[in-house]
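# The following comprises the amino acid sequence and a computationally predicted model.
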Amino acid sequence: MEQTPLIEFQDIHKIYHMGDSEVRAADGVSFRIDRGEFVAIVGQSGSGKSTCMNIIGCLDVPTSGRYLLGGTDVSTIDEDAQASFRNTMLGFIFQQYNLLPRLSVQENVELSLLYAKVPPQERAERARQALSRVGLADKIHHLPSQLSGGQQQRVSIARALAGDPSIILADEPTGALDSGTSREVLDFLRQLHESGNTIVLITHDNAIAAEAQRIIRLADGKIVYDGSAVAAEQVQFAKGVVS
Amino acid sequence: MSLLQSLRLALKSLASSKVRAFLTMLGIIIGVASVIILVSLMDGMSRQMTDEFSKMGTNRLTVEVFGMGPSRTVGPDDLDKLYRENQSMFAAMSPTVSLTVRTTRGTTELKSTKVIGVGEQHNAVDKLTLSQGRFLGYIDVSRRSKVCVVGSYVANQAFRGRAVGQIIKLSGDEYKIIGVLEKKANGEKGSDDDRIFVPYTLSSALGGGEVSSFTFSTASADKNPEAKSVIDQKLYEIFKSRDAYYIMDNAEMVTSINQMNKTMTLVLVGIAGISLLVGGIGIMNIMLVSVTERTREIGIRKSLGAKRRDIMSQFVIEAATTSTIGGLIGIALGAGVSIAAGKLMNMNVSPSMGAMLMSFSISAGIGVFFGFMPARRAARLNPIDALRYD
């Protein structure tokens, strides 16, 4: 019997109206992502990858089509229900880390647990565990501004982990980091994948996408490639040879 | 998120921008303080005025006769007759006339001392008690005896306390002191203790002219309206005009003073209330700025699963905390200034508890009310736009 996919896009369309013209940010996108996969969604700016990320992240709803998250159709739910799904199913890692500057590292990591109404002691415990997984157990009382960029990104990874989400959604997680720290973050994502987490990585950078198992390449709101990362590299290489 | 957490968050957020928080609160502080100061001072003033009247007694009517031409006048005999005919409602009656005379004791002149011509019941009417001797009697008044009763200040100042039997000169005539009054006011120069009472029948001898003022005390204050109408009827019969006399009812005065003070308080509190309103608008303004500034924070919180009501309550509680803290500071300030002003004006002022409670709840309410609109705006932000906001 086939397993229910974690994420299933069925002919997703997203149309924005800008003045008189309409922009088809997603134009009939369909794919499935199973539990335990490490997928990179790649594309240039304007390719529709951000739109897909917003829809996967329950930050936005499609104009048409169905989005099944863990078997539930979430394409027509209201804002508060979306918030619940974000809270329980999704862990976000952003390019700009998006930590709250006035809260300590621990308080930042506790945020999603706070909204999940986890009692204070358990919250603190889970936050500390998540922080020690990213190697920042000694920094729990620091403010984000007292940490380096790489450390801040690790805090945001800990925050994504603390809620024990089904999917980790990383939006250009290395975009603001130098190559050394980028490497660290990517290695960490790979480790998470190896320990069973489902990871969706959104990036414009093919080299970073190559870290994933599987690549979904978008252009003009349509999928132009969906397959293994190794094969994708060969395609890229072949293109390079031809041109 | 629990209320306690929201409160902690709000306090943290306020603490991170203290100057701004204080300036935001200032409107509320000034509003609350002025409401409390005004109400407390008006209360004190009102109490002082009613105290003054209660000291005189509310069961008191004062009749001033202005007269209408030389032919129709009312003298002490007419009102004395009226008093005797209506013993059920009147307790006492005394004609009263202020005299301008030179008061001397030996070679020293008592310049501040007031000399008043009164009837033998004046001690009852004016609630006077004697510390030594006796008050003026019927015989003294009817026979125009040159006797007097002096206040405690006069007795202490001119006679070192032993005044009874001594002589004081009024306009050169010798008057024998037959009684000394108990201290009634503060015992100082020019106060109600610096007075000399003589029989009113000596008024013309002392250059005082006709007696035109009469003080009645009624059996009790609730007899005042009845007594007033009896006097009014009598005087109207004589003068056929209400312009020729005036009857003041102390109980009525107390009521009308209280009424007036209440109205004044309302007007003043209304004006002070406007500053509370302005303070509330200030809070709304700052909260709107704050929502804009913290758009990204709102986006982050939403991406982590904050629902609309979580964001909403965060901002409403922050606004309410601001205004409540402002209210508390305002209460402290208002109470302090009220007490200080009371001391400065020599008035018995205690900060009005009612005004404190009222302004506290109003200021908390203002926060909720004026925080609502910005909070709703925050709660309705689209998470994607909020996350991308710079």
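Perfect, I can see it now. Note that the structure is a prediction, hence the values are computed from the model and not measured.
# make it CA atoms for all contacts and neighbour counts henceforth
Fine.
# ok, how many other residues are close to residue 40?
If you meant another chain, say so; for now it's chain A. 29 (other Cα atoms under 10 Å in any protein chain shown).
# sorry, should have said chain B
Count around residue B:40 with other Cα under 10 Å applied: 29.
# pLDDT wise, what is it at?
If you check residue B:40, the pLDDT there is 89.
# Can you pull the phi/psi pair for residue B:10?
Main-chain torsions, residue B:10, degrees, to the nearest 10: phi -60, psi -40.
# quick one: buried residues of stretch A:170-183?
A:170, A:171, A:172, A:173, A:174, A:176, A:177, A:181, A:182 (16 or more other Cα atoms under 10 Å in any protein chain shown).
# Please narrow these to those residing in strands.
Per DSSP state E, strands hold the following members of these: A:170, A:171.
# if I pick residue B:317, what's in contact with it?
Residue B:317 makes contact with B:6, B:7, B:10, B:368, B:371, according to Cα atoms under 8 Å, 6 or more residues apart in numbering or on different chains.
# Name the member of the residues you listed with the most neighbours.
Busiest of the contacts of residue B:317 [other Cα under 10 Å] is residue B:371, holding 29 neighbours.
# For chain A, what is the nearest residue in chain B?
residue B:305 (4.1 Å; Cα to the nearest Cα).
# That residue contacts residue A:81, correct?
No. With contact defined as Cα atoms under 8 Å, residue B:305 and residue A:81 do not form a contacting pair (9.4 Å).
# higher neighbour count, those two?
residue B:305 (28 against 15).
# three-state assignment of the more buried one?
coil (DSSP: H, G, I helix; E, B strand; the rest coil).
# low-scoring stretches of chain A, by residue?
A:1-2, A:235-243 (pLDDT under 70).
# Around chain B, which positions in chain A sit nearby?
Residues of chain A lying close to chain B by Cα under 8 Å from any Cα of the partner chain are A:54, A:59-60, A:79-80, A:83-88, A:91-92, A:98-100, A:111-112, A:114-117.
# Next, check the residues you listed against the helices and list the overlap.
Of the residues of chain A next to chain B, the ones assigned to helices by DSSP state H are A:54, A:79-80, A:83-88, A:111-112, A:114-115.
# Would you mind writing the ChimeraX command to select the buried ones in those residues?
A single ChimeraX command selects the buried members of those (16+ other Cα under 10 Å):
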select /A:54,79,83,84,85,86,87,88,111,112,114,115
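# Is the closest residue to residue A:51 other than its chain neighbours within a helix or a strand, and which one?
In this structure, residue A:51 finds its nearest non-sequential neighbour in residue A:25, 6.5 Å apart by Cα to Cα, 6 or more residues apart in numbering or on different chains. Using DSSP states H and E, residue A:25 sits in strand A:21-33.
# Quickly run through the sheet partners of the helix or strand just after that strand, with directions.
As assigned by DSSP H and E, the chain's next helix or strand after strand A:21-33 is strand A:38-42. As defined by DSSP bridges, the strand partners of strand A:38-42 come to strand A:198-203 (parallel), strand A:214-219 (parallel).
# Show me what the helix or strand just after the last one is packed up against.
By that I understand strand A:214-219. Next along the chain after strand A:214-219, taking DSSP H and E as the criterion, comes strand A:222-228. Under the contact criterion of 3 or more Cα pairs under 8 Å, 6 or more residues apart in numbering or on different chains; DSSP states H and E, strand A:222-228 touches strand A:21-33, strand A:214-219.
# For the first one, give me every contacting residue.
Strand A:21-33 is touched from outside by A:5-17, A:39, A:46-48, A:51-52, A:65, A:220-223, with contacts defined as Cα under 8 Å, 6+ apart.
# Might you enumerate the residues of chain B proximal to chain A?
Counting by Cα under 8 Å from any Cα, the residues of chain B that sit close to chain A are B:1, B:297, B:300-308, B:310, B:383-384.
# Save those residues as TSV, and put in pLDDT too.
Formatted as TSV, these follow (pLDDT from 0 to 100):
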residue	pLDDT
B:1	60
B:297	92
B:300	93
B:301	93
B:302	93
B:303	92
B:304	92
B:305	91
B:306	92
B:307	92
B:308	92
B:310	91
B:383	89
B:384	88
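# picking up where we left off before, pick out the most distant pair among the ones in helices among the residues of chain A next to chain B.
A:54 and A:114 (22.7 Å; Cα to Cα).
# most centrally placed residue in chain A?
residue A:169 (1.4 Å; Cα atoms, centre = their mean).
# among the helices and strands packed on strand A:222-228, which is the most enclosed?
For those, the largest average neighbour count (mean count of other Cα atoms under 10 Å in any protein chain shown) is found in strand A:214-219, namely a mean of 23.
# Could you export that one as PDB, keeping only the C-alpha atoms?
Taking Å, rounded to 0.1, in the frame of the first residue of the first chain, the C-alpha atoms of strand A:214-219 are listed here in PDB:
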ATOM      1  CA  ARG A 214      16.300  15.500  -5.000                       C
ATOM      2  CA  ILE A 215      15.900  18.700  -7.000                       C
ATOM      3  CA  ILE A 216      12.700  20.300  -8.200                       C
ATOM      4  CA  ARG A 217      13.700  23.000 -10.700                       C
ATOM      5  CA  LEU A 218      11.200  25.800 -11.500                       C
ATOM      6  CA  ALA A 219      11.100  28.300 -14.300                       C
END
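# ok, for the residue of chain B closest to chain A, nearest residue in space, not its chain neighbours?
Counting by Cα to Cα, 6+ apart, the residue nearest residue B:305 is residue A:87, at 4.1 Å.
# Enumerate every residue touching that neighbour.
Neighbours of residue A:87 in contact, by Cα under 8 Å, 6+ apart: A:112, A:115, A:116, A:163, B:303, B:304, B:305, B:306.
# Can you name the residue of chain A nearest to chain B?
Closest point on chain A to chain B, by Cα to the nearest Cα, is residue A:87, at 4.1 Å.
# Run through the residues that contact residue 130.
No chain specified, so I'll use chain A. A:158, A:159, A:161, A:162 are the contacts of residue A:130 under Cα under 8 Å, 6+ apart.
# please go with chain B instead
So residue B:130 contacts B:179, B:180, B:181, B:182 (Cα under 8 Å, 6+ apart).
# Format those residues as CSV; extra columns: neighbour count.
Putting the contacts of residue B:130 into CSV (neighbours: other Cα atoms under 10 Å in any protein chain shown) gives the following:
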residue, neighbour count
B:179, 23
B:180, 28
B:181, 24
B:182, 17
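# Quick check: pLDDT value at the nearest residue to residue B:141 once chain neighbours are set aside.
Spatially, and ignoring its direct neighbours in sequence, residue B:141 is nearest to residue B:199 (5.0 Å; Cα to Cα, 6+ apart). pLDDT recorded at residue B:199 is 94.
# and residue B:199, what are its bridge partners?
Judged by DSSP bridges, the bridge partners of residue B:199 are residue B:118.
# Correct me if wrong: it contacts residue B:115.
No. Between residue B:199 and residue B:115 there is no contact, the gap being 10.5 Å when judged by Cα under 8 Å.
# from what I can see residue B:74 touches residue B:65, true?
Yes. Contact criterion Cα under 8 Å: residue B:74 and residue B:65 qualify, at 7.4 Å.
# Which parts of chain B belong to which domain?
Split into domains by automatic domain parsing, chain B comes to B:3-52+B:256-388, B:67-243.
# deepest of those domains, which one?
Buried most deeply of those, by mean count of other Cα under 10 Å, is domain B:3-52+B:256-388, with a mean of 20.
# Centre of the chain to that domain, how far?
Offset of domain B:3-52+B:256-388 from its chain centre (Cα atoms, centre = their mean, to the nearest Å): 28 Å.
# so residue B:90 makes contact with residue B:218?
Yes. Between residue B:90 and residue B:218 there is a contact at 4.2 Å, judged by Cα under 8 Å.
# Now residue A:214: closest residue in space that isn't a chain neighbour?
Using Cα to Cα, 6+ apart, the nearest residue to residue A:214 is residue A:228, at 4.3 Å.
# So what's the residue count around the one you found?
Quick note: residue A:228 (other Cα under 10 Å) scores 15 neighbours.
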